[in-house]
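> build me a model:
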Amino acid sequence: MLLAIEQGNTNTLFAVHDGERWMAQWRAGTDSTRTADEYAVWLSQLLGMAGLALGAFDGCIISSVVPQSIFNLRNLARRYLHVEPLVIGENVDLGIAVRIDKPSEAGADRLVNAVGAHAIYPGDLIVIDSGTATTFDIISADGGFEGGVIAPGINLSMEALHSAAAKLPRVAIQKPQRVVGTDTVGAMQSGVFWGYIGLIEGLISRIKAERSEKLTVVATGGVASLFHGATLSIDHFDPDLTIRGMLEIWRRNAKKA
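Now for the predicted structure:
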């Protein structure tokens, strides 16, 4: 039994794998001040609803882009799961090459995505992860991480629009019926939604032109489902890409141990 904890800037995902399949997944808002005890109370309730317990785990793997939270997540694993967690970025063998100028600057989430994508999709890849930021990462056919692009996430852009303009309301992000809005909400939704489609299509086109090679495009992340069917530039939508990468990394390191 493995507990995979994938922590982004906005949400933290807890996923349970029983050795054959993902049994359960839960999300919580990311809060860097949340203690191990608070995590344990919250998690034990959800595990109980699934017929599981905190003591059922043989391992834990953590991927976090919030460094100040790692201490509490590690204590959660040690104190309540009674296992020593693997933490991405701390002497964990990823099994891939990181071919950028400063490998230590590559986010844990981006590296885990590279592993997860390479495990399933052959050839050279572009992996798009839509979250707090929208990242476009290049993964070579041998699984190497070769850099990418970081843009503001769609929710961040919508929030900035509302915060900076006094008369613009906070609106839900959804695909509008028309490109040209006939009211303020419709115009904002169109600008953000189709603007991001334009961002995705434009960057994919430029990356492919610069690389001069066939690239398969895989999208993941909490917001990626919004774009499903709205563009032909994305070949695959894969919501489990990140936790699949964590599972692959866990298995590689468990074999070594």
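> any chance you could map the helices in the chain?
Using DSSP state H, the helices assigned to the chain run over residues 36-49, 67-76, 108-120, 154-164, 184-211, 241-256.
> tilt between the longest one and helix 154-164?
Meaning helix 184-211. Per axes from the mean of the first three to the mean of the last three Cα atoms, to 10 degrees, the angle that helix 184-211 makes with helix 154-164 is 130 degrees.
> what comes up buried for the lowest-mean-pLDDT helix or strand in the chain?
Ranking every helix and strand in the chain by mean pLDDT, DSSP states H and E puts helix 154-164 at the bottom, with a mean of 80. Using 16 or more other Cβ atoms under 10 Å as the burial criterion, the residues of helix 154-164 that qualify are 154-158, 161. Quick note: C-beta positions are derived from backbone N, CA and C, even for glycine.
> grab the nearest non-local neighbour of residue 35.
residue 72 (5.5 Å; Cβ to Cβ, 6 or more residues apart in numbering).
> who's in contact with that neighbour?
34-36, 39 (Cβ atoms under 8 Å, 6 or more residues apart in numbering).
> where in the stretch 51-200 of the chain is pLDDT low?
The model of the stretch 51-200 of the chain has no residue with pLDDT under 70.
> of the contacts of residue 72, which is the most crowded?
Greatest neighbour count in the contacts of residue 72, by other Cβ atoms under 10 Å, goes to residue 39: 23 neighbours.
> which residue packs closest to that residue, ignoring adjacent ones?
residue 76 (4.7 Å).
> burial measure for the one you found, as a count.
For residue 76, the neighbour count with other Cβ under 10 Å is 25.
> I'd say it and residue 42 touch.
No. With contact defined as Cβ atoms under 8 Å, residue 76 does not reach residue 42; the gap is 10.1 Å.
> burial measure for residue 229, as a count.
Residues lying near residue 229 (other Cβ under 10 Å) number 10.
> returning to that earlier point: with pLDDT and distance to residue 14 added, can I get the contacts of residue 72 in TSV?
Output for the contacts of residue 72, formatted as TSV (pLDDT from 0 to 100; distance: Cβ to Cβ, whole Å):
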residue	pLDDT	distance to residue 14
34	93	12
35	95	16
36	95	13
39	94	9
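> thinking again about what came up before, any idea how far the residue nearest to residue 39 lies from residue 89?
To residue 89, residue 76 is 18 Å away according to Cβ to Cβ, to the nearest Å.
> also residue 17?
From residue 17 to residue 89 the distance is 21 Å (Cβ to Cβ).
> more neighbours, these two?
Higher neighbour count among residue 17 and residue 89: residue 17, with 22 against 18, using other Cβ under 10 Å.
> residue 151 against residue 130, yeah?
No. Counting by Cβ under 8 Å, residue 151 stays clear of residue 130, with 9.7 Å between them.
> neighbour-wise, which of the two wins?
Neighbour comparison, residue 151 and residue 130: the larger count goes to residue 130, with 22 against 17 (by other Cβ under 10 Å).
> got the contact list for that one?
Contacts of residue 130 by Cβ under 8 Å, 6+ apart are 153-154, 219-224, 226-227.
> which of those has the weakest pLDDT?
Minimum pLDDT for the contacts of residue 130 is recorded at residue 222 (74).
> that residue reaches residue 129, doesn't it?
No. Look at residue 222 against residue 129 with Cβ under 8 Å: they stay out of range, at 9.4 Å.
> more crowded one of the two?
Per other Cβ under 10 Å, whichever of residue 222 and residue 129 has more neighbours is residue 129, with 28 against 18.
> check the gap between residue 163 and residue 169 for me.
11 Å.
> which non-adjacent residue is nearest the residue nearest in space to the middle of the chain?
For the chain, the residue nearest the mean C-alpha position is residue 221 (4.9 Å; Cα atoms, centre = their mean). Of all residues not flanking residue 221 in the chain, residue 130 sits nearest, at 3.8 Å (Cβ to Cβ, 6+ apart).
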